[in-house]
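*Asks:* model this:
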Amino acid sequence: GAAARIGALLAAEARAGRELGELLRELLTSAPAGRDAARDALRGALPEAAGGPLALVAVTPWDREDLDAAPLPSLPGLLAACAVPEAADRPDGGAGRGGAEQDAAAGLAALVRLRSPAALDPARAVAEQLLRSPRAHGSGAGVSDPRRGLADAPAAWREALAAARAARAEARFGPVAEWGGVGPYRVLAGLPAGGAADRVVRPLLERSHTELARTAEVFLDCAGQAGRTAAQLGIHRQTLYYRLSKVEQLTGLDLDEGEDRLLLHMSLKAARL
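*Replies:* This is a model prediction of the structure:
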């Protein structure tokens, strides 16, 4: 009898978790009318938490198969979670309920309650725990800026997903990146995923020129300081100058010109995404 009651409670808890996840998915991906209804329903289901400081966590990619059969663990601060197609990071906020959502390589969205608007620690802790899941193999995680309530959840989701992409692109951000700490990737992540590189930079991105591309990126990361660049790469300055001249020949860019440097730098960073 006790086992039956415990089983019923666990089943009810799992159903409630799935329902909250479905509402969160609707809130993040639906057209405005459906979004409003989902937000109201989430507020009703989470009356104490929904108006407080919140953050969105994104883990991408995420194997969404068996999400219902293997529910997420109960984590402190985790209010709701759902698989969301990466296409939901489009400015219109929705990919619909069709084929894109069936992709196994989706992102996982997690709504996390914060202890205070200035403390993202609970969201980082949830992200770190989610990254330990077998369904997050090779993933990165991102955390949005804090929000007060659910009204701005779709924008927070785009921030979290962009930060997760940055975490995968740059090891220095660690496995969990915060939107406020990814620098130029806040702009670059707004570009279409998989977009074609600028035509003048495209030759440099070929596999045969990997070392030249890395040299150029480090040089630009070091603000064009040859000594720092050579030391970081472990090469002689003359070798550096030779490689940079090859970069200029390949691209037609002049690395003494600020706009050419900017184009090359942003193109190299965008290629990581």
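*Asks:* Pretty sure T229 sits against F219.
*Replies:* Yes: T229 is within contact range of F219, at 4.6 Å (criterion: CB atoms under 8 Å). All C-beta atoms are positioned from the backbone trio N, CA, C, and that covers glycine.
*Asks:* L268 reaches A216, doesn't it?
*Replies:* Yes: between L268 and A216 there is a contact at 6.5 Å, judged by CB under 8 Å.
*Asks:* Could you pull out the residues contacting both of the two?
*Replies:* L204 (CB atoms under 8 Å, 6 or more residues apart in numbering).
*Asks:* which one of those two has more residues nearby?
*Replies:* A216 (28 against 20; other CB atoms under 10 Å).
*Asks:* wait, what's in contact with that one?
*Replies:* Contacts of A216 by CB under 8 Å, 6+ apart are 204, 243-244, 247, 255, 264, 268.
*Asks:* and if you look at K246?
*Replies:* Contacts of K246 (CB under 8 Å, 6+ apart): L212.
*Asks:* Report the separation between it and E257.
*Replies:* As defined by CB to CB, to the nearest Å, K246 lies at a distance of 17 Å from E257.
*Asks:* go on, Q249?
*Replies:* 15 Å.
*Asks:* just H209 next, same as before
*Replies:* 21 Å.
*Asks:* same deal with L46?
*Replies:* 53 Å.
*Asks:* and what of Q232?
*Replies:* 23 Å.
*Asks:* Compare those two (neighbour count), which wins?
*Replies:* Remark: of Q232 and E257, Q232 carries more neighbours, 13 against 10, as counted by other CB under 10 Å.
*Asks:* helix or strand for that one, which one?
*Replies:* Assigned by DSSP states H and E, Q232 belongs to helix 226-233.
*Asks:* can you check L262 too?
*Replies:* Assigned by DSSP H and E, L262 falls in helix 258-272.
*Asks:* buried sites along that helix?
*Replies:* Neighbour-count burial for helix 258-272, counted by 16 or more other CB atoms under 10 Å, picks out 260-261, 263-271.
*Asks:* Low-confidence stretches in the stretch 151-273 of the chain?
*Replies:* For the stretch 151-273 of the chain, the stretches with pLDDT under 70 are 192-196.
*Asks:* need the helices for it, in chain order.
*Replies:* 153-169, 185-188, 210-221, 226-233, 237-251, 258-272 (DSSP state H, counting those that start in this stretch).
*Asks:* and these, which is most packed in?
*Replies:* helix 153-169 (a mean of 25; mean count of other CB atoms under 10 Å).
*Asks:* Could you list every helix and strand in contact with it?
*Replies:* helix 2-29, strand 53-63, strand 105-113, strand 140-143, strand 176-178, helix 185-188 (3 or more CB pairs under 8 Å, 6 or more residues apart in numbering; DSSP states H and E).
*Asks:* Mean pLDDT lowest where, among the ones you listed?
*Replies:* Mean pLDDT values for those show the minimum at helix 2-29, a mean of 73.
*Asks:* pLDDT averaged over the helix or strand just after that one, what's the number?
*Replies:* Counting by DSSP H and E, the next helix or strand C-terminal to helix 2-29 is helix 32-45. Across helix 32-45, pLDDT averages out at 88.
*Asks:* quick one, helix 32-45 and helix 153-169 angle?
*Replies:* 90 degrees (axes from the mean of the first three to the mean of the last three CA atoms, to 10 degrees).
*Asks:* So which bits of helix 32-45 are buried?
*Replies:* Applying 16+ other CB under 10 Å to helix 32-45 flags 35, 38-39, 41-43 as buried.
*Asks:* In TSV: these, plus distance to R135.
*Replies:* Listed next are those as TSV, based on distance: CB to CB, whole Å:
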residue	distance to R135
R35	26
A38	24
R39	27
A41	26
L42	24
R43	29
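*Asks:* and of these, the nearest to L161?
*Replies:* R35 (16.7 Å; CB to CB).
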